[in-house]
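> How does the following fold in three dimensions:
(2 chains)
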Number of protein chains: 2
Amino acid sequence: MLSKNTVKFIKSLHQKKYRSESGKFFVEGEKSVLEVLQSDFSVEVLLVTESFEQKHLRVLNSFRGELIRVTQNQLEQVGQFQSNDSALAVVQMKSNSAFFPEKEDLILALDDVRDPGNLGTIIRVADWYGIEKMVFSPQTAEFYNPKVIQSTMGSFTRIQFFYEDLAQVVDRWKLPVYGAFLDGENVHQLQKPAPGILLMGNESKGISPEMEKKVTKKITIPGFGHAESLNVAIATAILCDNFKRLMGS
Amino acid sequence: MLSKNTVKFIKSLHQKKYRSESGKFFVEGEKSVLEVLQSDFSVEVLLVTESFEQKHLRVLNSFRGELIRVTQNQLEQVGQFQSNDSALAVVQMKSNSAFFPEKEDLILALDDVRDPGNLGTIIRVADWYGIEKMVFSPQTAEFYNPKVIQSTMGSFTRIQFFYEDLAQVVDRWKLPVYGAFLDGENVHQLQKPAPGILLMGNESKGISPEMEKKVTKKITIPGFGHAESLNVAIATAILCDNFKRLMGS
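Reported below is the predicted structural model:
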């Protein structure tokens, strides 16, 4: 049964403050919940409707946390989806531990991407292009924000990431840094790039002056029309596509 | 002075029903209003703050419609922006008249793209790549929806478009139709394509079965990871980038 305390607790996770305090976040919707159940995230509480339970008995059989049966109405009251007749999972956050680059051809670094929808879309794009490692400046949107999680469409389960001052990270790794600018080398004319870091900047300010100094190659998406700029998630997708085309699979 | 009737009228334009009835829509924010003032759209009423007026005297000098001086607070009450200390324009819709392809290398066709944010982002992408002509299925989001206008970042002023049954349009134009599918030819391996129509499908259903029959070449964005799909605006951007790379400027 769904207790008042559980309802209150899940509702508190809509706010960053309580996510940070508890170290937990929530995931909702059939696809995302299934993906998180089959990932290396630890799911602590799982709210399921009867239809979700019937449909996914096998996956649920191996679930070791607390399972609570709920109605669609209850799900919609605790989550943020207007309509949800499947499931919601309360999940433990991962620790913010830095990784070291291994054999990756491309690591994505985000310099203050603030909009949760943009961050989520970028994570989905990274997953499409097989980019598994990302690093975020401290001012980048919070990974565990429900809007980020939702817009990744499940891809958040397959990304390794941490938050740290990007200048320090770049100094430590000593890899080429490809930065997206309006006056760089045309990415359509680029030769096969060496493995490195693709750095994307803030929605309105672009890459910060401090990080611009760390960029070893400025690149540009060629424009053929009159728009002054592209949305950062769109630009990330186009650059990943070009880099993967040039680097091969 | 801003009359109660004008307030009521602009507020009514938040709803599609009243936009259709009046044949008018609204545009807000400094950049978008400046772009629409300098476009071939007819601006009928212009609400400006003192600071906007001071800053853009030259543009306003050639404005022939009704100019109303307002406060930031008044702007925010009639528009949809949370914060707007510049301007809002009431603009006449264009007629829905079909064009005929001329020397364009690429025309964009949208088959039931329903989300206003996606449509707006696609229009901005088209403008970046110099694609000036677009055709929309009747079920595609409404061009004049404030969310569409906002997310184009002014690019809506530079696009020719109309709504019509896409099968009829394609039959009439007799051009190659490139359709985005999960099982088409890898766009990274495509040879230089002949001028034609790039067809993008609905957010969840993709290209309709009826339109699939009209596709002369199925194309695919190669995936290197595990995401099952890409957002339609992201996919459109990646395909436009590849087509423009292959076609040249």
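> alpha carbons only for contacts and neighbour counts from here, please
Fine.
> residues near A:Lys8, how many?
11 (other C-alpha atoms under 10 Å in any protein chain shown).
> for A:Glu53, that is, sorry about that
Number of residues near A:Glu53 (other C-alpha under 10 Å) recorded here: 17.
> Next one: it from A:Val36, what distance?
Using C-alpha to C-alpha, to the nearest Å, we find A:Glu53 at a distance of 16 Å from A:Val36.
> Using the record's assignment, carve chain A into domains.
Chain A breaks down by automatic domain parsing into domains covering A:4-92, A:106-247.
> A:Leu88: what secondary structure?
Applying DSSP: H, G, I helix; E, B strand; the rest coil to A:Leu88 yields a three-state assignment of strand.
> one step back: ranking the domains of chain A by burial, who's on top?
Among the domains of chain A, domain A:106-247 has the highest mean neighbour count (mean count of other C-alpha atoms under 10 Å in any protein chain shown), at a mean of 20.
> distance between the ends of that domain?
Note: domain A:106-247 ends 9 Å apart using C-alpha to C-alpha.
> That domain: how far from the chain's middle?
Its chain's C-alpha centre and that of domain A:106-247 lie 12 Å apart, by C-alpha atoms, centre = their mean, to the nearest Å.
> Same check on stretch A:99-117?
In terms of C-alpha atoms, centre = their mean, the centre of stretch A:99-117 is found 10 Å from the chain centre.
> do that stretch and chain B meet?
No - Stretch A:99-117 does not reach chain B (C-alpha under 8 Å from any C-alpha of the partner chain); its nearest approach is 11.3 Å.
> Also stretch A:209-226?
Yes - legend: contact between stretch A:209-226 and chain B by C-alpha under 8 Å from any C-alpha is shown at A:223-226.
> between the residues you listed, which is closest to chain B?
Using C-alpha to the nearest C-alpha, A:Gly225 is the member of these that sits closest to chain B, with 3.6 Å.
> top helix in chain A by residue count?
The longest helix of chain A (DSSP state H) is helix A:232-247.
> and that helix, what other elements does it pack with?
Packed against helix A:232-247 by the contact rule (3 or more C-alpha pairs under 8 Å, 6 or more residues apart in numbering or on different chains; DSSP states H and E) you find helix A:116-128, helix B:232-247.
> What angle do helix B:116-128 and it make with each other?
Angle, helix A:232-247 to helix B:116-128, by axes from the mean of the first three to the mean of the last three C-alpha atoms, to 10 degrees: 60 degrees.
> what sits up against helix A:232-247?
By C-alpha atoms under 8 Å, 6 or more residues apart in numbering or on different chains, the residues outside helix A:232-247 that reach it are A:105, A:118-119, A:121-122, A:125-126, A:129, A:187-188, A:191-193, A:200-203, A:221, B:188, B:233-234, B:237-238, B:241.
> redo that, cut-off 6 Å
A:118, A:122, A:125, A:192, B:234, B:238 (C-alpha atoms under 6 Å, 6 or more residues apart in numbering or on different chains).
> Now the domains of chain A in CSV, please, with extra columns for mean pLDDT.
What follows is the domains of chain A, written out as CSV (pLDDT from 0 to 100):
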stretch, mean pLDDT
domain A:4-92, 96
domain A:106-247, 96
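> export the ones you listed to CSV and tack on distance to B:Leu246?
Output for the domains of chain A, formatted as CSV (distance: least, C-alpha to C-alpha, whole Å):
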stretch, distance to B:Leu246
domain A:4-92, 36
domain A:106-247, 9
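> name the element the nearest residue to A:Glu210 once chain neighbours are set aside belongs to?
Nearest non-adjacent residue to A:Glu210, counting by C-alpha to C-alpha, 6 or more residues apart in numbering or on different chains: A:Ala167, 7.5 Å away. Using DSSP states H and E, A:Ala167 sits in helix A:166-173.
> after that helix comes which helix or strand?
strand A:177-186.
> and that next one, what does it pack onto?
With contacts taken as 3 or more C-alpha pairs under 6 Å, 6 or more residues apart in numbering or on different chains; DSSP states H and E, strand A:177-186 sits against strand A:196-200, strand A:217-220.
> Endpoints of stretch A:157-168, how far apart?
Termini of stretch A:157-168 sit 26 Å apart (C-alpha to C-alpha).
> just the helices in chain A please.
Secondary structure of chain A (DSSP H): helices located at A:4-12, A:16-22, A:30-37, A:50-55, A:57-61, A:72-78, A:116-128, A:146-152, A:166-173, A:209-212, A:232-247.
> and these as TSV, adding distance to B:Phe9?
Formatted as TSV, the helices of chain A follow (distance: least, C-alpha to C-alpha, whole Å):
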stretch	distance to B:Phe9
helix A:4-12	39
helix A:16-22	39
helix A:30-37	42
helix A:50-55	47
helix A:57-61	54
helix A:72-78	35
helix A:116-128	32
helix A:146-152	34
helix A:166-173	49
helix A:209-212	46
helix A:232-247	35
